[in-house]
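Trainee: okay, here's the prediction I keep looking at, along with the sequence it came from:
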Amino acid sequence: MKTTFENALQRLMRNKKVLSVTMNGAQGMTKREQELRQNVSDLRDEAKALMDDGKQGEAKTKLQEAKTAKEELDNFLVLKNDFEGIVIPEPQGAAGANLPNPKKEEEPPNYKAVFFKAVRGQSLTTEEKEVMDRYKARISSENGEDGGYIIPEDIQTRINELRQSSDDLRQYVTIVPVSTNKGARTLERRADHTPFAPLSEYGDPNAMEEIESPQFDRLTYAIEDYAGFLPVPNTVLEDTDQALEEYLIKWIAKKGKATDNHLILQQVNTIPKVDLDGIKGIKTTLNVTLDPAFSESATIYTNQDGFNYLDNLEDKNGRPLLQPDPTQATRKLLSGVHPVVVLSNKTIATNGGKAPFIIGVLGEAVVLWDRKQLVIDKTKEGGNAWRTNTTEFRAIMREDVTTWDTEAVVFGQIDVLSGGVEG
């Protein structure tokens, strides 16, 4: 659909004497100008209402929309002013003299289309540029003073975040909030229990045997501080038209997640690794190696290479061993029972062609002692911020990660370079 501005320009091209366009509307405003002004006013009022309600984040976003709408209005008014009041006077000659009509060069049929193409800032072919030069078109997308300044360029300042996996191992382990920087827990030591010795009804009471007493272990933790800071020039924060501060906070939070993953994997890697004989090794782990207390609710944690290996396995009838989880559409089950959690190869890598298969209950194997979750602060006065005219973002998290029960999981490895069919 053509805009009011384009229709006005078309009327301009049909009139050979007048190079000005009268903008009709309320108090000289066109309908388009009224719409632009109203849009700016509405967005500004919405931003103010959000600020009054304490919704600063939403207010900042709405205020940016108002600024963008104001720029669109300013560009429209500049172009409107350029066309208003430009008139070609009638030719002057002797009184009563009949001036000969000069022979006009025929305008190519596509001139108007080329003209509007240039106004919109679209690229012109060599032939179209010649047409524009021949008729001295003064609006050009390549020359700033001839109109290029009012044609917006496709330059985006919005920060486009690249999509990437964001594994969070914290959700699979046990989180224990603590209020001190050091502590310990008492664990019962596993033991094979023997039955009571029998006593005859009329036996010697002194024949009763003493049983073994329970044994205990102490599991200690020591909280460590993990922190970092990021200085950002105040001029950047003030001059950008994007929510840079919000983006930086999200970016720093990803560092906190990476710290959790690193500490958890450090403990997982202390569990001795065993080579598994393909899918048979996984089944043996579930059926024999793990205690039934863990195997019944065991989960299989692997990376992309390991999942690809499992996803390509079939039984003798050609049916895939992995089946969709009816409770979670994006998850698959092995043998219809055990969930398979897929981590990125960047989170836990394949080593020498052997993909990791951590089988069991990870929440019973690893504990994260949480003294203080990730806290992000900022200052313009502290540190070197005041002298360097920067805002310093600081992140601190306090925690420790230890193993709890290493028998709750088996850290297996499978050579994923060899495929297989269920035997």
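Mentor: In hand now; what should we look at?
Trainee: quick one: low-confidence parts of the chain?
Mentor: By pLDDT under 70, the weakly predicted segments of the chain are 1-28, 78-122, 131-165, 189-193, 196-197, 199-207, 240-242, 418-423.
Trainee: kindly list the longest helix within it.
Mentor: What stands out as the longest helix in the chain, according to DSSP state H, is helix 56-83.
Trainee: helices or strands next to that one in the packing?
Mentor: Other helices and strands packing on helix 56-83, by 3 or more CB pairs under 8 Å, 6 or more residues apart in numbering; DSSP states H and E, are helix 4-14, helix 31-52. Heads up, the C-betas are built off the backbone N, CA and C, glycines and all.
Trainee: any buried residues in it, and which?
Mentor: Neighbour-count burial for helix 56-83, counted by 16 or more other CB atoms under 10 Å, picks out A59, K62, L63, Q64, E65, A66, A69, K70, L73, F76, K80, F83.
Trainee: which residue is the nearest non-sequential neighbour of the fifth one?
Mentor: Using CB to CB, 6 or more residues apart in numbering and skipping residues adjacent in sequence, the residue nearest E65 is L43, 5.1 Å away.
Trainee: show me where this protein has helices.
Mentor: When secondary structure is read from DSSP H, the chain shows helices at 4-14, 31-52, 56-83, 111-119, 126-134, 234-239, 244-268, 278-284, 292-295, 304-311, 362-365, 385-388.
Trainee: and those as JSON lines, adding distance to I396?
Mentor: Converted to JSON lines, the helices of the chain look like this (distance: least, CB to CB, whole Å):
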{"stretch": "helix 4-14", "distance to I396": "55"}
{"stretch": "helix 31-52", "distance to I396": "30"}
{"stretch": "helix 56-83", "distance to I396": "23"}
{"stretch": "helix 111-119", "distance to I396": "55"}
{"stretch": "helix 126-134", "distance to I396": "60"}
{"stretch": "helix 234-239", "distance to I396": "21"}
{"stretch": "helix 244-268", "distance to I396": "10"}
{"stretch": "helix 278-284", "distance to I396": "41"}
{"stretch": "helix 292-295", "distance to I396": "35"}
{"stretch": "helix 304-311", "distance to I396": "33"}
{"stretch": "helix 362-365", "distance to I396": "26"}
{"stretch": "helix 385-388", "distance to I396": "17"}
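Trainee: indicate which one of those is closest to V337.
Mentor: Between V337 and these, the tightest spacing by CB to CB is seen for helix 292-295, at 9.8 Å.
Trainee: residues in contact with that closest one?
Mentor: With CB atoms under 8 Å, 6 or more residues apart in numbering as the test, helix 292-295 has contacts from L286, N287, G360, V361, E364, E407, A408, V409.
Trainee: which of these tops the neighbour count?
Mentor: G360 (28 neighbours; other CB atoms under 10 Å).
Trainee: tell me the bridge partners for it.
Mentor: Taking DSSP bridges, one obtains T299, V409 as the residues bridged to G360.
Trainee: A69 reaches V40, doesn't it?
Mentor: Yes: using CB atoms under 8 Å, A69 is in contact with V40, at 4.7 Å.
Trainee: spit out the residues that contact the two alike.
Mentor: The overlap between the contact sets of A69 and V40 (CB under 8 Å, 6+ apart) is empty.
Trainee: so what touches stretch 259-274?
Mentor: Counting by CB under 8 Å, 6+ apart, stretch 259-274 makes contact with 167-170, 173, 226, 347-348, 358, 362, 365-366, 368, 397, 399-403, 406, 409-413, all of which sit outside it.
Trainee: hmm, I typed the wrong one, I wanted stretch 343-352.
Mentor: Identification of contacts with stretch 343-352 by CB under 8 Å, 6+ apart yields 165, 167, 169, 261, 265, 301-306, 356, 413, 416.
Trainee: out of those, which are buried?
Mentor: Under a neighbour-count criterion of 16+ other CB under 10 Å, the subset of the contacts of stretch 343-352 counted as buried comprises 167, 169, 261, 265, 301-306, 356, 413, 416.
Trainee: distance-wise, check G363 relative to L169.
Mentor: 11 Å (CB to CB, to the nearest Å).
Trainee: if we can go back for a sec, pretty sure the residue nearest to E65 is touching Q64, no?
Mentor: No: taking contact to mean CB under 8 Å, the distance of 9.3 Å between L43 and Q64 leaves them out of contact.
Trainee: can you name the residues that contact L368?
Mentor: R170, V173, T174, I175, V176, D260, L263, I264, E399, D400, V401.
Trainee: which residues does it bridge with?
Mentor: Note on L368: beta-bridge partners I175, V401, judged by DSSP bridges.
Trainee: next one: it from F216, what distance?
Mentor: Counting by CB to CB, the separation of L368 from F216 is 23 Å.
Trainee: that concludes my questions; thank you for your assistance.
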